[in-house]
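Asker: I'll drop the sequence and a predicted model, then ask my questions.
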Amino acid sequence: MTALKIGTQAERKVGIMTDSAGADRPVVTGIGVVAPTGIGTAEHWRATLDGRSGIGYIDRFDPASYPVRHAGRLRGFAAEDHLPGRLLVETDLWTQTGLVASHEALADAALDP
């Protein structure tokens, strides 16, 4: 593994780093989490440190006809708390969670979405 040069603050902000050979390398500058263990990095990390699982019994429908009875579920996720009304009707749950996680990552990286 090659060592990364730190670069200027402006370069770090947009995720540009170079290795010792001068090649550009992608870097993680922000993290966004929407998961069964929590919404936001702080909540997710706290659950991880506490050893709390996000997996539980499926209760949104009867899983009797399926071989699996447990799954991860986003409890407490309300898209309307994070997204404008227009996006609520134009997107499904998967898109909404992706948008919220992306927004969290941009905020964590101190970038203005």
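Answerer: Sure thing, it's come through.

Asker: Could you list the domains of the protein?
Answerer: 1-29, 31-108 (automatic domain parsing).

Asker: For those domains, give me a markdown table that also has mean pLDDT and mean neighbour count.
Answerer: From N, CA and C alone the C-beta is placed, and that goes for glycine too. Converted to a markdown table, these look like this (pLDDT from 0 to 100; neighbours: other CB atoms under 10 Å):
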| stretch | mean pLDDT | mean neighbour count |
| --- | --- | --- |
| domain 1-29 | 57 | 11 |
| domain 31-108 | 93 | 14 |
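
Asker: where does Ala71 fall, helix, sheet strand or coil?
Answerer: Using DSSP: H, G, I helix; E, B strand; the rest coil, the structure places Ala71 in strand.

Asker: actually Trp45, sorry about that
Answerer: Going by three-state DSSP: Trp45 is helix.

Asker: Next, find the distance separating it from Tyr66.
Answerer: Distance from Trp45 to Tyr66, counting by CB to CB, to the nearest Å: 31 Å.

Asker: for the biggest helix by length in the chain, packing partners?
Answerer: The single longest helix within the chain, with elements called by DSSP state H, is helix 93-108. For helix 93-108, the packing partners by 3 or more CB pairs under 8 Å, 6 or more residues apart in numbering; DSSP states H and E come out as strand 34-35, helix 85-90.

Asker: would you turn those into CSV with distance to Ala21?
Answerer: Putting those into CSV (distance: least, CB to CB, whole Å) gives the following:
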stretch, distance to Ala21
strand 34-35, 36
helix 85-90, 43
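
Asker: Which of the ones you listed sits closest to Leu111?
Answerer: strand 34-35 (18.0 Å; CB to CB).
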